[in-house]
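Student: Compute the structure for the input listed below.
(one chain, ligands or ions: 1)
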Amino acid sequence: MSATTTRIEIVAAMIRDAEGRVLLVRKRGAAVFQQPGGKRDPGDADDLHTLARELEEELGCRMRREGARLLGSFSAPAANEPGCEVVAVVYEVAADGPFEARAEIEALCWVDPAQPGDLPIARLSREQLLPLLVS
Ligand SMILES: Nc1nc2c([nH]c(=O)n2[C@@H]2O[C@H](COP(=O)(O)OP(=O)(O)OP(=O)(O)O)[C@@H](O)[C@H]2O)c(=O)[nH]1
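Tutor: Now for the predicted structure:
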């Protein structure tokens, strides 16, 4: 990416179920699935606050701050904004469901990180985040 590439900075979540599958979401009108999360708001106290707010808005679930694990910062070409780069601070977190598609989320799915198959998945998730969970 060049120095002039527009960066989209987000906080993103890896949420796993009892079988180890990872929760992905697809925004309305988008072609690919990606991690739940989103951009920071000025009123957010910290990144976990951003994440809890986004997860509640998008999925109606309650994130647990305790046990949150910072996985790192990752970047890739943005899924929905041509020519932009997404830079994501990513946490593995637990959340209490039920999980349902809300607000701008049209669909959600649980994916085996070792075998995502041919589901359309954003590059950040497919190339960098899902592989972190494969031992
Ligand atoms: N949330 C999220 N965004 C991602 C991921 N991968 C990726 O390329 N992106 C890009 O980053 C953009 C972030 O926008 P967003 O829609 O999640 O942010 P937001 O909820 O704050 O939206 P808003 O701008 O409508 O308030 C997405 O449109 C997408 O192009 C990902 O794993 N999670």
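Student: need the next SSE after the longest strand belonging to the chain, C-terminal direction.
Tutor: Among the elements of type strand in the chain, defined by DSSP state E, the one spanning the most residues is strand 62-77. Tracing the chain past strand 62-77, the next element assigned as helix or strand by DSSP states H and E is strand 84-96.
Student: buried residues in the longest strand of the chain?
Tutor: Burial within strand 62-77, assessed by neighbour count using 16 or more other CB atoms under 10 Å, is assigned to 63, 68, 71, 74-77. For glycine as for every other residue, the C-beta is placed from the backbone atoms N, C-alpha and C.
Student: would TSV of those residues with pLDDT and distance to residue 122 be doable?
Tutor: Supplementary listing: these in TSV, determined by pLDDT from 0 to 100; distance: CB to CB, whole Å:
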residue	pLDDT	distance to residue 122
63	98	21
68	98	22
71	98	16
74	98	11
75	98	12
76	98	7
77	97	9
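Student: Pick out whichever of those sits closest to the ligand.
Tutor: Taking CB to the nearest ligand atom as the measure, the ligand sits nearest to residue 76 out of the buried residues of strand 62-77, at 6.2 Å.
Student: Give me the most central residue, this structure.
Tutor: Taking CA atoms, centre = their mean, the centroid of the chain lies closest to residue 35, which sits 2.0 Å from it.
Student: returning to that earlier point: can you list the residues that contact the longest strand of the chain?
Tutor: Under the contact criterion CB atoms under 8 Å, 6 or more residues apart in numbering, strand 62-77 has outside partners 1, 7, 13-14, 48, 51-52, 55-56, 84-96, 122-124, 127-129, 132.
Student: that older thread, nearest to residue 29 among the buried residues of strand 62-77?
Tutor: Residue 29 has its nearest neighbour among the buried residues of strand 62-77 in residue 77, at 18.2 Å by CB to CB.
Student: who does the closest one bridge with?
Tutor: Per DSSP bridges, residues listed as beta-bridge partners of residue 77: residue 85.
Student: measure residue 33 to residue 45 for me?
Tutor: Per CB to CB, to the nearest Å, residue 33 is found 29 Å from residue 45.
Student: Great, nothing more from me.
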